[in-house]
Structures are given as structure tokens and as C-alpha cells.
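Have a look; sequence and predicted model below, questions after that.
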Amino acid sequence: MIINKMFNLIIKSLCLYLVIFTNAFATQDFDLWLKKFQSIAIESGVSKKVVFEIMSNAKFLPKVIEYDRYQPEFYEDTFTYIKKRSSNRKIKAGVKLYNQEKNIIEKIEKDFQVEKELLLALMGIETNFGKYLGKMDIVSSLATLSYDKRRSDFFTKELLILLKLVDSNIISKDILYGSWAGAFGNFQFMPRTIRNYAIDYNKNKTIELKDTEDSFASAANYLKTIGWKKNQPCFFKIDLKDNIPKKYLNSSARNIKNKRKVIFFKKYIKNFERLNIEDNLKTAIIIPDKDIIPGAETLSPAYIVFENYEKILNWNRSLRFALAVCTLKESFKNEI
């Protein structure tokens, strides 16, 4: 525990140093970057009116760089991460929302064949059921991250998509407030996700991602489209034997490798008989703490994960995020 606290303190100190060092040169260079980006946006087909109207107030936000460098997925161990996001308080809040919006949530579940418990879990973890939608100017957030070097290409594309969504009147320029990463609405959709999956479910000619109907339906549409399979497992916690070859142990969310049928891993799992899993399901093994805790015991905690788990990774490329979502989903099954 002491080692973990010291490690977290070191990470925080390094992040603070990087932010201070970066900010010393950022503002002047950001203004030059902004002019260049505006030209790129116009060349890509966004109207000059929207480009100058939206981007004229864009600012470099130092806090965004700090948040980017110190995300919970980077430093919280799995037990802590899941516990914080699947508390009794969160479960009660989710049940309350379900009871208030039961008819529409169940209709969406039926229409898209995506469990209501999963939708509640995602909304609960993303925005605490709409209570924390974010108040940051997402244009400035995306511009800051686009200007920054860590993932510049990704956020430049997201910012261009956002401008095109405004230019096409799909979303209003007056509601562009959300998370530090540029995500928006009850389920924290990035601009690309809005473009590809958001829908006007209630047919009022406006996509309202802070509204229950459109936001739940858009999230369900996303999950259905990427291949979520209703009533199929997400993961099981397992106890591994020491003889498991390291090549079967995944610690990166970017690429889950060495997948096999469940029956193949039987010889490596101590508690296999208690899991009640179909032998022929395709699966993999993850050890999520290996990449964040110095000297961590690589065999614990360990999980056997299925195709649905990987669909949640499409939503957020974090092993711990996907585990937390599926944990909260199962908690709702016992309460709704």
C-alpha cells in the first residue's frame, strides 16, 4: 500500500512538472496552430462561417493536458477502480433512474436487443446518470489535445468531425460543453461516435444526447452495431495455476491476443468447475494490474473474458473500465 501511494505521488509530480513546462511555451504556439487548423478545416469542407464562429473562442486549456496525463485508468488498481464505480450508492441511483424511465428504457432494450442493465451501467460510470455531464468547452478541449503531441492525429480528426456536425445542423453550437476529452452527453459520446451512431429516436428532428430517449437509444444502437450479444457473458474472475504460459496473459487493452475456446484454458484455472461456462465459447485471459503496479503479482487478479467484454473495450480502451461496466451491469440484474 505504501509503495502504491509513493508511486502515485511520483506520477502526480511528474505530470505537474510536464504541465508547467508545456504551458510556458503553449499559448503562443497554440495561436499559430489555431490559424493552421482553421485553414485545414475550411479545406476539408467546413464552411468559413462555422470555422470562424466556433474556433474564434478556442483556447489552450492547461488543465486538459493534466487530466490527459493522469487518468484513473493509468494508476488505479483493479480492485479500487471497480469498487469506486460499482458502489451501493451508484446502484441505488441507477435503480431510481430506471424506475422513473422504465417504459422508455424497456422499449429501447426490446428494439435494440441490448440489456437495460448494460445501458444503466455505462451511463452510471460515464456521467453518474447524467449528474456529471462535464462543463468544459469541448471545442477548446479538443483543440488543446489536437495541438498537443501525444494523440494529435486522433483529436484533430475528432475536432474536424465536430465542426462538420455543427455545420450540418446535427448538433447545436450552443451546447458544446462536456468532458475534458471532448466527450458529450449522458453517455459521453465523442464526435466520431455521434456521427456514426447517434440517432433521433423520438423523431423530433434533433439528436439530444442529454435526453433519456435519444441518449439511451444512441448508446444501444452503438452496442448493437458493433456486435454486442444479449445474454452472453462478459467475464469471470479466475484463480490461475502457476503453470500457465505467459503468452496467454494479456495486460494490454489495445490487442487481446492468444484467444482459445474455454475448454483449452481448463488446465490452467483452479476454480474452473465452479464457473459454469460453455466449453466452446471463444475467450482470453487478462491480468489488468500488471501494467500499472510495479512488481505486481501477474497471476492475480485474473479474468477470463469473452467477446462481449471486447465490445466494451471498443467503447473505452481500458481493461479496468470494461470490468467495472460488466460488474455494475451484473449488480443491476439483481436489483431490477
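Looks like it came in fine. Numbers count the residues shown, from 1 in each chain.

What is the distance between stretch 193-200 and the centre of its chain?
16 Å (C-alpha atoms, centre = their mean, to the nearest Å).

Show me what that stretch is in contact with.
The contact list for stretch 193-200 (C-beta atoms under 8 Å, 6 or more residues apart in numbering) reads 161, 164-165, 170-171, 184, 189, 206-207, 209, 214, 217-218, 221-222, 225. Where C-beta positions appear, they are placed from N, C-alpha and C, glycine not excepted.

What's the mean pLDDT across that stretch?
Mean pLDDT, stretch 193-200: 97.

cool, and stretch 149-158?
Stretch 149-158 comes out at a mean pLDDT of 95.

Going along the chain, name the helices of the stretch 101-250 of the chain.
102-112, 116-127, 138-147, 152-167, 191-197, 212-226 (DSSP state H, counting those that start in this stretch).

Tell me which two in the contacts of stretch 193-200 are the farthest apart.
Farthest-apart pair in the contacts of stretch 193-200 is K164 and A217; separation 22.2 Å (C-beta to C-beta).

quick one: which of those two has more around it?
Legend: neighbour count by other C-beta atoms under 10 Å for K164 and A217, higher for A217 (26 against 18).

Would you mind confirming that the more buried one makes contact with I108?
Yes - using C-beta atoms under 8 Å, A217 makes contact with I108 at a distance of 5.2 Å.

what do the two both touch?
Joint contacts of A217 and I108 (C-beta under 8 Å, 6+ apart) are Y201.

Sketch out the low-pLDDT regions of the stretch 151-300 of the chain for me.
The model of the stretch 151-300 of the chain has pLDDT under 70 over residues 293-298.

try 90
The stretch 151-300 of the chain contains residues with pLDDT under 90 at 171-175, 205-206, 274, 276-279, 290-300.

Do a quick rundown of the strands in the stretch 151-300 of the chain.
For the stretch 151-300 of the chain, the strands defined by DSSP state E, counting those that start in this stretch cover 177-178, 235-238, 249-250, 260-261, 282-286.

Output the ones you listed in TSV; the columns should cover mean neighbour count and distance to A121.
Shown next, in TSV, are the strands of the stretch 151-300 of the chain (neighbours: other C-beta atoms under 10 Å; distance: least, C-beta to C-beta, whole Å):
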stretch	mean neighbour count	distance to A121
strand 177-178	20	20
strand 235-238	20	13
strand 249-250	20	22
strand 260-261	12	27
strand 282-286	21	19
